[in-house]
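Based on what follows, work out the 3D shape:
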Amino acid sequence: MKKLFIGLVVGVAVGSASGFALGILIFPFLFPPPPVNEMVVDKSESEISATGNFIHANPSDPIHYGQGSLTLYSDLLHLENDFKVGPGPKYHVYLVPNANITPDTAVHKTMFIDLGRLKAFEGSQNYPLPAGIDLKNYKSVVIWCEQFNVLISPANLTFTQIE
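Numbers count the residues shown, from 1 in each chain. Below is the predicted model:
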């Protein structure tokens, strides 16, 4: 009887933990946040510092993908209307000093700037840049999953001007 009780308790604990973990993984796929459509106000073409395009970092991974373009101003990162990533938990937008980011790059060990949590898996979004950063020290923007330390999608920056 004692072994049956211990087995039942362990089974409930393992089942609950497994169900919770599975729920965390599946939740973003079942209930993704709606697309957003944030506009850039009071900016002109001459104020663009850099542009970039998100790529699918690992084509053999159908879950972690990204596409679309971005525009970087001196004080704002704007993900364009064509931006889209595969859903997942706790995605963040990083400004990274390295170029040509791959899944093997240790992004979490670089001197990246976390611009905040991704607002939606698709659509245009704005992320203010911290005051006083030197943009020429940053070569990429990445979408990073903090939950599992996984690269979702990188975008190399092509600078048009540095103020």
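
Can you give me every residue that contacts residue 71?
Listed by Cβ atoms under 8 Å, 6 or more residues apart in numbering, the contact set of residue 71 reads 40, 48, 50, 51, 77, 78, 80. To be clear about C-beta, it is placed using only N, CA and C from the backbone, and glycine gets the same treatment.

now with 7 Å?
Shown in contact with residue 71 (Cβ atoms under 7 Å, 6 or more residues apart in numbering): 48, 51, 78, 80.

Remind me which helix or strand it belongs to.
Assigned by DSSP states H and E, residue 71 falls within strand 66-73.

Would you tell me what the next helix or strand after that strand is?
Next along the chain after strand 66-73, with elements defined by DSSP H and E, is strand 76-79.

Against which helices or strands is the next helix-or-strand element following that next one packed?
Later in the chain than strand 76-79, the nearest helix or strand by DSSP H and E is strand 84-85. With contacts taken as 3 or more Cβ pairs under 7 Å, 6 or more residues apart in numbering; DSSP states H and E, strand 84-85 sits against strand 66-73.

The strand it packs on pairs with which strands, parallel or anti?
If you go by DSSP bridges, strand 66-73 pairs up with strand 48-54 (antiparallel), strand 76-79 (antiparallel), strand 84-85 (antiparallel).

just the angle between the helix or strand containing residue 151 and strand 66-73, please?
Per DSSP H and E: residue 151 is located in strand 150-159. Strand 150-159 and strand 66-73 meet at an angle of 40 degrees, taking axes from the mean of the first three to the mean of the last three Cα atoms, to 10 degrees as the criterion.

ranges for the helices of the chain?
For the chain, applying DSSP state H gives helices covering 2-30.

Domains of it: list them as residue ranges, please.
1-31, 36-159 (automatic domain parsing).

Without its sequence neighbours, what residue ends up closest to the residue nearest the centre of the chain?
Nearest to the geometric centre of the chain sits residue 143, at 2.4 Å (Cα atoms, centre = their mean). Counting by Cβ to Cβ, 6 or more residues apart in numbering, residue 152 is the residue found nearest to residue 143 once chain neighbours are left out, at 4.1 Å.

contacting residues around the one you found?
Contacts of residue 152 (Cβ under 7 Å, 6+ apart): 64, 66, 85, 88, 91, 143, 144, 145.

Would you mind measuring from it to residue 88?
7 Å (Cβ to Cβ, to the nearest Å).

Could I get the contacting residues of the nearest residue to residue 83 once chain neighbours are set aside?
Closest residue in space to residue 83, ignoring its immediate chain neighbours: residue 68 at 3.4 Å, by Cβ to Cβ, 6+ apart. Contacts for residue 68 (Cβ under 7 Å, 6+ apart) come out as 54, 79, 80, 82, 83, 84.
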